[in-house]
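# Prediction below, plus the sequence it came from.
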Amino acid sequence: MKRIYLFLLSLLIVGKMVSCQTSQEGKNTETPRIFYVNSYHPGYGSSDDVMAGIESVLSDKNVQWKTTFMDTKNHPGEAAIQTKVDEILQQIEEYQPHLIIASDDNAIKYLIEPYFKNQEIPVVFCGVNWSADQYGLPASNVTGMLEVLPIQEMLIEMKNYYPEANQLMVLSENTNSEKKNKTLLDTLYQRMGFSTEYALVDNFEEWKSAFLRGNEKYDLIFIPTNGAIKNWNETAAIEFVKQSIKVPVLASDDFMMKYAVFGLTKIAAEQGEWAAKTALDILEKAKNPDQIPLAKNQQTKAWINQELAEVIGFKPDPELSADLNIVN
């Protein structure tokens, strides 16, 4: 079935790519269409920022675009993901895009790599954590921006204040992305001298239990994300952390700073902006994806949650304080 689908899809795409080519007069014969696949769901902070970045670039351009959500944090099972992929493949057939943008690992793992790698339609991805080697990317028709979090820089900063810290808990959701991060980042933590426990949890009660254990046993707690943690309650989590925190809690995404003392975070909109600009280069300037090297995000922002900092007695020096954004 997969081979039949790819053959039929390639016929449609070749036709649409030809129709989007410039004529002898140098003008497009059809408004380019972009199909955007988001791995997650509306309301998830990081991917919302990616979408905002895409929209900020495309909103005043002569393109059409359609967005679809895989919702893999709420429905992480393999069968549910494959059902969603089948739906998206049908949407793509019907929309007949000239280019696909895909954000975050699951869209690449379950959709782009098996169905679109080395096909005719160009693909631009963003938000893939650290490396795309496991997906065999880049490819002849696929380029993108990797998401590299400033975790090392964040831990180095904390070491300036807590030089004896060598026990680290990574407390996050139990998802494919976080399991991938565990594999990729373990060497980094070891190189920095940390003994690390990975607490990858399924629900809010498990998260609270691990958080309590981390505050008793570890010097630092790193909380990457919470989007797939079932029954998450933001108000309850904020109060729970305030009552339970004893050690520095760190974050690399701004939406997690409600529960963290200090964060050095990515600016997720950068990913969407880059993907959209790259898509326009391919569609309007006739660049081939294999002419565009993989990129890595560069922008960061430093944060402090003053209320939680006061609870544990964390007082940044004036030089660091001058660069900190305050959590409201």
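Looks like it arrived, so ask away.
# What average pLDDT does the helix or strand hosting Ile238 get?
Per DSSP states H and E, Ile238 falls inside helix 234-244. The average pLDDT for helix 234-244 rounds to 98.
# any residues touching that helix, and which ones?
204, 207-208, 211-212, 215, 226, 249, 258-259, 307-308, 311 (Cβ atoms under 8 Å, 6 or more residues apart in numbering). C-betas here are computed from N, CA, C, even on glycine.
# what's the following helix or strand after that helix?
strand 249-251.
# who does that next one pair up with?
strand 220-222 (parallel), strand 262-266 (parallel) (DSSP bridges).
# Save these as CSV, and put in distance to Ala236 and mean neighbour count too.
Formatted as CSV, the strands paired with strand 249-251 follow (distance: least, Cβ to Cβ, whole Å; neighbours: other Cβ atoms under 10 Å):
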stretch, distance to Ala236, mean neighbour count
strand 220-222, 18, 27
strand 262-266, 21, 23
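# Contacts only, for Ser39.
By Cβ under 8 Å, 6+ apart, the neighbours of Ser39 are 47, 70, 72, 102-107, 127.
# Repeat the analysis, applying 6 Å as the threshold.
70, 72, 104, 106-107 (Cβ atoms under 6 Å, 6 or more residues apart in numbering).
# From the residues you listed, list just the buried residues.
70, 72, 104, 106-107 (16 or more other Cβ atoms under 10 Å).
# Looking at the strands paired with strand 249-251, spot the one closest to Val37.
Closest to Val37 of those, according to Cβ to Cβ: strand 262-266, at 20.2 Å.
# Run a quick neighbour tally on the closest residue to Leu294 other than its chain neighbours.
Nearest in space to Leu294, with sequence neighbours left out and distances taken as Cβ to Cβ, 6 or more residues apart in numbering, is Pro138 at 5.6 Å. Residues near Pro138, counting by other Cβ atoms under 10 Å, number 19.
# got the phi/psi numbers for Pro138?
Per-residue torsions, Pro138: phi -70, psi 170 (degrees, to the nearest 10).
# Find the residue at the geometric middle of the chain.
Gly127 (3.8 Å; Cα atoms, centre = their mean).
# Confirm that residue sits in a strand?
Yes. Counting by DSSP: H, G, I helix; E, B strand; the rest coil, Gly127 is part of a strand.
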